[in-house]
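> I would like to see how this sequence folds:
(chains A and B)
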Protein chains: 2
Amino acid sequence: MLIDNTPSTTIWYDDKDSHVSIIDQRLLPHEYVVSKLQTFDDFCFAIKEMQVRGAPLIGVTAAYGLAIALRVDASISAEEDYAQKLIATRPTAMNLRWAIERIQKRISSCAENEKADLALAEAHQIRDKDIAICEQIGINGLSIIEELYQQKQRTINILTHCNAGWLATVDWGTALAPIYKAHFADIPIHVWVDETRPRNQGASLTAFELSEQGIDHTLITDNAGGHLMQHGMVDLCIVGSDRTASNGDVCNKVGTYLKALAAFDNQVPFYVALPTSTIDWDITDGIKEIPIEERDPYEVTHISGITDDGQVTSVKLVKDSKASNYSFDVTPAKLITALITEKAVVKAESSAIKLLNVSAETE
Amino acid sequence: MLIDNTPSTTIWYDDKDSHVSIIDQRLLPHEYVVSKLQTFDDFCFAIKEMQVRGAPLIGVTAAYGLAIALRVDASISAEEDYAQKLIATRPTAMNLRWAIERIQKRISSCAENEKADLALAEAHQIRDKDIAICEQIGINGLSIIEELYQQKQRTINILTHCNAGWLATVDWGTALAPIYKAHFADIPIHVWVDETRPRNQGASLTAFELSEQGIDHTLITDNAGGHLMQHGMVDLCIVGSDRTASNGDVCNKVGTYLKALAAFDNQVPFYVALPTSTIDWDITDGIKEIPIEERDPYEVTHISGITDDGQVTSVKLVKDSKASNYSFDVTPAKLITALITEKAVVKAESSAIKLLNVSAETE
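Below you'll find the predicted structure:
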């Protein structure tokens, strides 16, 4: 997708000097900075400190991280240590574990001195595949928007929470992929963008993405969506998923559940767009079983923005109260209209989701 | 209630030099500044720019504003002009209209040169009555918390949205009055404080109030409450009301509806504490009939806080996207466990609410 009218991706490998580059998303939308990741610690820092974020992009970054680390030490014990450290950087992200396991499986039977190259080749494949998967999510989701447009014959209003755009993946995004596809198909759309406290990925990233792509959108507080849905101002919601239980419960950025409740109460269709790699087949009850990451309360007590004179600054919002920062919540399957995956649009039900797994095994 | 261990109220009249003083709430919690209101424009500014806010306090401020203005011109046409201008400062606030109408009724048959004094006496009465009403709301709500404590025999966790504390009234508050009463009755309580974007009255005012009073509390984002309720971490919710429809629908700060949905979905009791003066007897369907104030989008695109070096600063949160700022929403009566009023705790149903009106007429 576009930044400053230039087609961009969030992470890429430079063959010439053998390093990985990323967009440092902590500085967006105020500054556009590309960072080189060269050491294993660079990769851990990038994921933990959210230079990169979004389940699919975390997976791709971790894959490259493991590959680059294996250049230094490719012993079994080092590999396991790298893998565990990477998985620990963001406990909720299902794709992270998935990407690491995929690489470990690929290199499990090869010689130690071949591991780094093979892991890098696998990381490239994970990256390429992520792009293809996201584009296919876009194509599958487009048909939902197209159908609504056929019915309504006017601008389609879509609400999204957090950032599940191309900045959360390598390209296209998950929740935003159908929106980009609809835009390219000349369907008139308007996007309500939840700012998504505490880290404000909606305001900083989703609004920025849509702006750069020239898609009509309006920033709102996380509190506003219920009112909009109550008054017919939202035609559908599309959000992403960090981890999807096999019963269809969806763990996504905190606040997603509240929007799903409002959508259900007002008969607004609520879709979750996700690569099947976010599905955790071992979890059958998302609310009970998915552990919720608690991040630093500093993210709640402080916020970063830009001053009138152009300084990116963090300000404190409270005097001396403590804060808590549960960063995700689980939306029960009962509130979800359907899951938009790269394989199919399916109901958020065990029986339908199970079919996605079968097709994965036979692909 | 306490500020810096000194008993305080939000608005008071100084007999010596005949002016009204308020706490300028825009600067809290970072700075404590008392402002004098001397001209009619001072009062309009104070309400419109939210030096004072909260339905009951707006009502009291408007009452004093009309009284002070009548000193300058007490003709019928001036009085009507003042009244209309005051009502227009904050269209959602039911108490504002109620207070103005109460004063106009009181002075309707007196001589022009007596109007200002009579209006001032009435404003004093409105202020005194507000304190008494809020304290009674506290007493009525206390029994609900007491009962829960009898059942659970452990700290009671209460979630509140926005600021319906003493800073929103003259003293005691509405939603926080039962919390203060429970605290004074030595019931162990802990309050989850929604930060309440865009203006963050939870972080700035509710957290500050509770802190000054020594009540245990934790600041959370507006997105977090659903997760907390899903996991048994909230025993009850109490919020305020800016305008209450006669069918029990409640118009309160935007986002209230989302919390009510989460409470309902998780069988958490959801109470609204309100003086009966917020009841709009003419409105029988809150969702359809209550107009929702749209405030400046600047409140969404920007936020104010304090920098590390102690400067209160506003920062921009978005690059160049437009924003919208619906400031209230309507929670349908079906989601509300009960209304805590100064007269009684009643079901949010027309038949029960009607009885409050009968007792008002006969008081």
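> State the number of residues packed around the spatially closest residue to residue A:100 that is not a sequence neighbour.
Closest residue to residue A:100 apart from its sequence neighbours, by Cβ to Cβ, 6 or more residues apart in numbering or on different chains: residue A:83 at 5.0 Å. Where C-beta positions appear, they are placed from N, C-alpha and C, glycine not excepted. Using other Cβ atoms under 10 Å in any protein chain shown, residue A:83 has 19 neighbouring residues.
> again with residue A:71
Counted with other Cβ under 10 Å, residue A:71 comes out at 14.
> For the stretch 251-363 of chain A, which residues are neighbours of chain B?
A:253-255, A:257-259, A:261-262, A:265, A:287, A:292, A:300-308, A:313-326, A:328-330 (Cβ under 8 Å from any Cβ of the partner chain).
> In strands only, show me these.
A:253, A:302-306, A:313-316, A:322-323, A:328-330 (DSSP state E).
> care to break chain A down by domain?
Taking automatic domain parsing as the domain assignment, the ranges for chain A are A:2-129, A:139-361.
> Reformat those as CSV; add mean pLDDT.
Compiled in CSV, these are given as follows (pLDDT from 0 to 100):
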stretch, mean pLDDT
domain A:2-129, 95
domain A:139-361, 96
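> Run through the residues that contact the closest residue to chain B within the stretch 51-200 of chain A.
In the stretch 51-200 of chain A, the residue that lies nearest chain B is residue A:197 (4.2 Å; Cβ to the nearest Cβ). For residue A:197, the contacting residues are A:222, A:255, A:300, A:303, B:195, B:197, B:221-223, by Cβ atoms under 8 Å, 6 or more residues apart in numbering or on different chains.
> and the nearest residue to residue A:37 once chain neighbours are set aside, how many neighbours?
Residue nearest to residue A:37 in three dimensions, not counting chain neighbours: residue A:20, with 4.6 Å by Cβ to Cβ, 6+ apart. When neighbours are defined as other Cβ under 10 Å, residue A:20 has 25 of them.
> Help me confirm that residue A:248 comes into contact with residue A:348.
Yes - between residue A:248 and residue A:348 there is a contact under Cβ atoms under 8 Å: 3.0 Å.
> From the ones in strands among the residues of the stretch 251-363 of chain A next to chain B, list just the buried residues.
Applying 16 or more other Cβ atoms under 10 Å in any protein chain shown to these, the neighbour count classes A:253, A:302-306, A:313, A:315-316, A:323, A:328-330 as buried.
> Same question for stretch A:144-161: list its buried residues.
Residues of stretch A:144-161 classed as buried by neighbour count (16+ other Cβ under 10 Å): A:144-146, A:148-149, A:156-161.
> I meant stretch A:123-140, not that one.
So for stretch A:123-140, counting by 16+ other Cβ under 10 Å, buried means A:123, A:126-127, A:129-131, A:133-138, A:140.
> Would you agree residue A:121 falls within a strand?
No - judged by DSSP: H, G, I helix; E, B strand; the rest coil, residue A:121 forms no part of a strand; its state is helix.
> re earlier: need the residues touching each of residue A:248 and residue A:348.
Common neighbours of residue A:248 and residue A:348 (Cβ under 8 Å, 6+ apart) are A:333, A:336, A:339.
> Going through the residues you listed, which ones are buried?
Using 16+ other Cβ under 10 Å, the buried members of the shared contacts of residue A:248 and residue A:348 are A:333, A:336, A:339.
> Helices - which of the residues you listed land there?
Judged by DSSP state H, helices contain none of those.
> Using CSV, list the CA coordinates for stretch A:307-320.
Output in CSV follows, covering the C-alpha atoms of stretch A:307-320 (Å, rounded to 0.1, in the frame of the first residue of the first chain):
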residue,chain,number,x,y,z
THR,A,307,2.9,19.6,20.1
ASP,A,308,2.0,22.7,18.1
ASP,A,309,5.7,23.3,17.5
GLY,A,310,6.2,19.8,16.1
GLN,A,311,7.7,18.0,19.1
VAL,A,312,6.6,14.3,19.6
THR,A,313,6.0,14.3,23.3
SER,A,314,4.5,12.1,25.9
VAL,A,315,2.1,13.7,28.4
LYS,A,316,0.7,12.3,31.7
LEU,A,317,-3.1,12.2,31.9
VAL,A,318,-3.6,11.5,35.6
LYS,A,319,-2.3,12.9,38.9
ASP,A,320,-1.2,10.0,41.0
